[in-house]
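Peer 1: Could you look at this predicted model? Sequence included:
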Amino acid sequence: MPLPIRYSIRNMAVRRMSTFLTAVGVALTVAVFAGVFALRSGLQQIYTDAGRDNLAIYLRQGATSEGESGIPRESAQILIKERPEIARNADEVPQAAAESYLAVYMEKVGGGLTNVPLRGVQPMSIELQGDALQLVDGRWMEFGTDEVVVGESVTRRMKNCRVGETIQLNVTPFKVVGVFRHDGVQNSEVWGDVERMMEALERPVYQRVVARVADGTDFEQVNNTLGEDPRISSLEVQSEAAYLASQTGALSLVLTIIAAFLTIVMGGAAIFASINTMLASVASRTHEIGVLRAIGYGPVSVFFAFVLESAAIGVLGGIIGVLLLLPIQGIETGAMNWNTFTDVSFTFHLTPALFLNSFVLALTLGVVGGALPALRAAFLKPVDAVRQRG
Amino acid sequence: MSRTPWFLVRRNLGEHWFRSLLTVGSLAAAVFLFCMLRSVITSLESTVEEASADRVIVQSSVSLFVSLPQDYQAKIAAVPGVEEVSKFNWFGGYFREPKNMFAQFAIDHVIFFKMYDSDMELMAGHDAGPETAAAVIQAFKADRRAAIVGADLAKEFDWKVGDTVPIIPTIYRKQDGSEWEFNIVGFYQPKRSSVDRRTMFFRFDYLDETLRPEQGPVDVGTFSVNTQPGYPASQVISDIDALFVNGPQSTKTSTEAAFQATFVSMMGNLPFFFGTIGGAVLIAVLFSVINTMYIAGRQRVHDAGILQALGYRGTVMVRLLLAEALLLTILGGGLGIGLSVLAAVGAKAVLASFLPNFVIMPDTLMWAAVISLGIGVLAGIGPGWMASRYEPTAALRSS
């Protein structure tokens, strides 16, 4: 015969202080766990989730990111004009753009320098982005002039990046004329005319070619045919999705390691605390447990009553932890992406799966913490237990 | 009776040994985390604090990835207050596999060792001292492919003096696609934490002369400039930048400390997160230890009554519980500090590519000890007071 759930819940209320302190320990563990993973899923949101399979990225062979790549002018022109996999628009123009890329110094609004990606683009670059890219303030830059547009997070987080202000690039001032929003990592970039960028920075080569390709393109096969043309055999191609996924390895790994390390150590401390609380709870109710056993409740019922109590403390902690964390949802933060060595801004992103995992973690901490004391309660001898003064 | 029955502390901790163990364990976990997280921050900052005061770094004003023409060197050297100038080129290669990442810098072999004399100690194997240093410098000057590596790095890859180490380039590729080969002529040990422990320094002329026939002269990443002692660095900085304000590449000169600080600033909000998390952990454990002592206190109301009936002063239970709490926190804190000192060795290897100078500062350990004791005091006084506030008769009547 199981003990009523009410019994376990009421017991929590009797030892209010201990219950609360134990729950806070679980809550902080859950908050740290979910917080670090929320960062990671925010990172995934702009890299992995935003990558498209029908955009092709051409880089120099062996380059692990745009910053390391270099594509001579002639190669880019041949590539765009002649490659069969590149789609054409209604006017039969190849849907491809050659772009330059350089991480430039910018000052953060709160002080301190960081590296911001500066992308030189062609008119087709904007068309290629489709719905992922929207202008939210001002206007697009005029190609052929010293004007730039900046990503939303750049305008918020970097100095001199509001519409009407100027950015100095080497010896040339560039005027900020607009702000765009991008679903992906390009929200942290500055865009200008590629020809003006290359001249101002004295950098004569492009860094990548980006192109629209048919859905389901076999990039492996395209790579093989690239290799057959000696004029462009030093290039290699991959989907944007694959490229972006490869750009978060280091930061994502660091966040995962941090989360795992902290959860294990803090979780251990939280389990210790809940064992202590439950042991005290069992000790002070020895007489009561004896009575329960005497009137016919079996050891299994007693065991579950105590595990349930501890699990309920865990869940309470889980709820407090998630509530503590809710206000950070959507907060924007910046961190160094070690793969590109640039500042990338992303938001804490709490997902339903993360909520679920947090509750599972909280419940686990509670159950594991309660199991041992519950066993002790279950195996008390009824005769001895009743004799304890209550 | 005025003497406190201290043996009760030992008895009581022993009777509840499992609870005591768990409390010590959770405190050790917290102190351990605190030490590790704080050390990440202090290690980042130490590179800034120990930077040389008589050195400025000249780099492109645009980007870390933009290089400067070689002829800038002579112009910088002519600026008043400048003592010596060396080129510094990030080579960006790796040994065998991309995961074996460490810094390689091409430097001017003629001047480098003189400029960095107070930053690093030269060694050959286990030998050190002025004669060894002179021999290493001599060997470096005699061999175009010579390189010195950090002693830590040499240990990591088991490199000996005389070894030839192949490095695969990511930036400076040769036309034939071959690897670069360097002959190790010595090791170095940093004398201050602003110097990276895992770097390979090699000769700029090797880089330049190899690539010049194929790709023209190699541009320079940064110039490291030693200023004359006592000469105002700010004056040197503005004089150098004024030289190149109209290009072809404008420069941004900064003190070595400011240069290092940009790398810390680039970490973004990560140090802030570490700080926040460290705080959350400490609070969590403070709660847990207070909780345990509170439980201990409640179970001792009856004992307090007996002690008072025996003639001890009312505050005896405060003293006893305080002693118990302090003993637990000293054990836990000590264990946590010991663990973190041990783990620092492993952490250094794991973090090597992100944070090569990971080290636990003495003041971190001191703070850990202070916080442990603080938790002990807080966790002892409250429950002790609670247990002793009853009248002896009331206390005796409670279970």
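Peer 2: Structure's in. What do you need? Small disclaimer: the values here were computed from a predicted structure and weren't measured.

Peer 1: Isn't A:Ala245 up against A:Thr48?
Peer 2: Yes: contact criterion C-beta atoms under 8 Å: A:Ala245 and A:Thr48 qualify, at 5.3 Å. Using the backbone N, CA and C atoms, a C-beta is placed for each residue, glycine as well.

Peer 1: How about the contacts made by A:Leu235?
Peer 2: By C-beta atoms under 8 Å, 6 or more residues apart in numbering or on different chains, A:Leu235 lies in contact with A:Tyr58, A:Leu59, A:Arg60, A:Gln61, A:Ile71, A:Ser75, A:Leu79, A:Val209, A:Leu226.

Peer 1: mind checking the SS state of the first one?
Peer 2: At A:Tyr58, secondary structure determined by DSSP: H, G, I helix; E, B strand; the rest coil is strand.

Peer 1: Run a quick neighbour tally on the nearest residue to it once chain neighbours are set aside.
Peer 2: By the measure of C-beta to C-beta, 6 or more residues apart in numbering or on different chains, the closest residue to A:Tyr58 outside its immediate chain neighbours is A:Val209, 4.1 Å from it. The number of residues packed near A:Val209 is 26, by other C-beta atoms under 10 Å in any protein chain shown.

Peer 1: and A:Val209, helix, strand or coil?
Peer 2: Strictly by three-state DSSP, A:Val209 counts as strand.

Peer 1: Point out where chain B drops to low pLDDT.
Peer 2: Residues of chain B that meet the criterion pLDDT under 70 lie in B:1-2, B:349-357, B:398-399.

Peer 1: Please repeat the previous calculation with a cut-off of 50.
Peer 2: Counting by pLDDT under 50, chain B contains no low-confidence residues.

Peer 1: Could you tell me which helix of it is the longest one?
Peer 2: helix B:316-350 (DSSP state H).

Peer 1: ok, now how distant is the closest residue to A:Gly62 other than its chain neighbours from B:Ser194?
Peer 2: Once flanking residues are discounted, A:Gly62 sits nearest to B:Thr170: 7.4 Å by C-beta to C-beta, 6+ apart. Counting by C-beta to C-beta, to the nearest Å, the gap from B:Thr170 to B:Ser194 is 25 Å.

Peer 1: Contact residues of the stretch 101-250 of chain A facing chain B?
Peer 2: Listed as neighbours of chain B in the stretch 101-250 of chain A under the rule C-beta under 8 Å from any C-beta of the partner chain: A:102-105, A:108, A:111-115, A:168-171, A:201-203.

Peer 1: do that again at 10 Å, thanks
Peer 2: A:101-108, A:110-116, A:118, A:157, A:168-172, A:200-203, A:250 (C-beta under 10 Å from any C-beta of the partner chain).

Peer 1: Narrow the residues you listed to just the buried residues.
Peer 2: A:101-106, A:108, A:113-116, A:118, A:157, A:169-172, A:200-201, A:203 (16 or more other C-beta atoms under 10 Å in any protein chain shown).

Peer 1: re earlier: residues that sit against both of A:Ala245 and A:Thr48, list them.
Peer 2: Common contacts of A:Ala245 and A:Thr48 (C-beta atoms under 10 Å, 6 or more residues apart in numbering or on different chains): A:Ser252.

Peer 1: thinking again about what came up before, the residue nearest to A:Tyr58 pairs with what?
Peer 2: As for beta bridges, A:Val209 partners with A:Tyr58, A:Ala98 under DSSP bridges.

Peer 1: how close does it sit to A:Ala98?
Peer 2: A:Val209 is 5 Å from A:Ala98, by C-beta to C-beta.
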